[in-house]
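Trainee: how would this look folded up:
(one chain, ligands or ions: 1)
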Amino acid sequence: MRATARAQPNIALIKYWGKRDRVNNLPAVGSISVTLADLYTEMCVSLDETLASDRLVVNELENAAMLPRISACLDNVVGRSRRHAQIDSRCNFPVAAGLASSASSFAATVVAASAASGSTSSTAELASLAGRSSGSAARSLYGGFVELRNTPGDVSVETILDGDQWPLKVIIAVTSEGPKPVSSGEAMEISRKTSPFYSSWLENQPDDLDVARAAIREQDFEKLAGVCEHNCLKMHSVMWASRPAIVYWNSATLNCMQTVRDLRSTGSAVFFTIDAGPQLKAICLESDEQRVREALSATTGVVDVLSSGLGDGARLLESA
Ligand code: 2P0
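Mentor: You can find the predicted model right below:
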């Protein structure tokens, strides 16, 4: 009744922002992401009848803040009348800072919990369960370039193109390692209720998804770069126009955007994207990785630079 799984975070190229059903945590829009290879979260779930309550330890520290969401995730996967669980998590990158740690955490949790309870759920079922805990987590069940589509009452997720077919690199410029001021879930609700741009965000998303999907299939970097930066800035415009305004960027985020623009104007194949946090993610061709890394490392306000190739979906490491 113990299993360990590993999952990598994913970075959205075409973003999920807003929910159509808050009870089942269903997104209001489809999204497209890339699953990373080198950043990961491991979750070890032990279902144990001797425990009086669930217990979560993240990187060897007790974590009460995230426990209710993890417990609810276990209820979804194993059932409410389950045994209590000891959950030990290891994450090799900063948590809760806009690096999609919730995606890798919940993707790994559903795989580990399912195996620990002896269930044989399909990847599609596990993706749907992960999405109930965190919308972006459904995408981390799959590798490479991944699309999440809305279906009636659920989501369906698939790999559009394997990462090794088009081995892009993701360079993450970390500009702050603290937790974010407003959770994405809360911020999405503020946007839905108050942003004057929210309805046009929903309306235009299918067009961006079509362009990005085609660009990925054709491996057309310029086309992908254009639609991804546009989609990212549009999502942040929705946030900025919300009341209260939601601004996740800091001055270093803007410096990094300028660095990426300078690189592109001097011939590098690179574009940026920014999620619910101040980190900038630069996506580039393999041949430009070194140059992008060096330029972002030298950008004012950048505290760390991580890089990753594209990787596989969540998987079971061991079960007993
Ligand atoms: C994304 N983000 O597509 C977008 C872009 C942040 C900006 O999905 O409320 O943690 O748990 O379903 O998945 C972050 O939100 O939100 C996110 P919940 P989640 O990656």
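
Trainee: pull up the pairing partners for the helix or strand hosting residue 35, direction included.
Mentor: Taking DSSP states H and E as the definition, residue 35 sits inside strand 31-35. In the sheet, strand 31-35 lines up against strand 10-14 (antiparallel), strand 145-151 (antiparallel) (DSSP bridges).

Trainee: report the buried residues of the helix or strand just after the shortest one.
Mentor: Just to be clear, that refers to strand 10-14. Following strand 10-14 in sequence order, the next helix or strand is strand 19-21 (DSSP H and E). Across strand 19-21, burial judged by 16 or more other CB atoms under 10 Å covers residue 19. Yep, even glycine has a C-beta here, placed from its N, CA and C like the rest.

Trainee: related to what we said a few turns ago, send me the strand holding residue 35 as PDB with only the CA atoms.
Mentor: Output of strand 31-35 as PDB, limited to C-alpha atoms (Å, rounded to 0.1, in the frame of the first residue of the first chain):
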ATOM      1  CA  SER A  31      -4.400  25.000 -23.300                       C
ATOM      2  CA  ILE A  32      -1.200  23.700 -24.800                       C
ATOM      3  CA  SER A  33       2.000  23.100 -22.800                       C
ATOM      4  CA  VAL A  34       5.400  21.400 -22.900                       C
ATOM      5  CA  THR A  35       6.400  18.900 -20.300                       C
END
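
Trainee: picking that back up, closest to residue 62 out of the strands paired with strand 31-35?
Mentor: Nearest to residue 62 among these is strand 10-14; the distance by CB to CB comes to 27.4 Å.

Trainee: tell me which of the strands paired with strand 31-35 sits nearest to the ligand.
Mentor: For the ligand, the closest of the strands paired with strand 31-35 is strand 10-14, at 3.2 Å, according to CB to the nearest ligand atom.

Trainee: for the stretch 1-150 of the chain, what lies in contact range of the ligand?
Mentor: 12, 15, 16, 17, 25, 31, 102, 134, 135, 136 (CB under 6 Å from any ligand atom).

Trainee: doesn't the last one lie inside a helix?
Mentor: Right, residue 136. Yes: counting by DSSP: H, G, I helix; E, B strand; the rest coil, residue 136 is found in a helix.

Trainee: contacting residues for it?
Mentor: Residues near residue 136 by CB atoms under 8 Å, 6 or more residues apart in numbering: 10, 12, 16, 31, 33, 100, 102, 103.

Trainee: least confident of these?
Mentor: Within the contacts of residue 136, residue 100 has the lowest pLDDT, namely 67.

Trainee: out of the strands paired with strand 31-35, which one sits most buried?
Mentor: Stretch with highest mean neighbour count among the strands paired with strand 31-35: strand 10-14 (a mean of 28; mean count of other CB atoms under 10 Å).

Trainee: would you mind listing the outside residues contacting it?
Mentor: Under CB under 8 Å, 6+ apart, the answer for strand 10-14 is 30-36, 100, 103-104, 136, 139-140, 145-146, 170, 205, 208-209, 212, 224, 227-228, 231, 273, 275, 281, 283.
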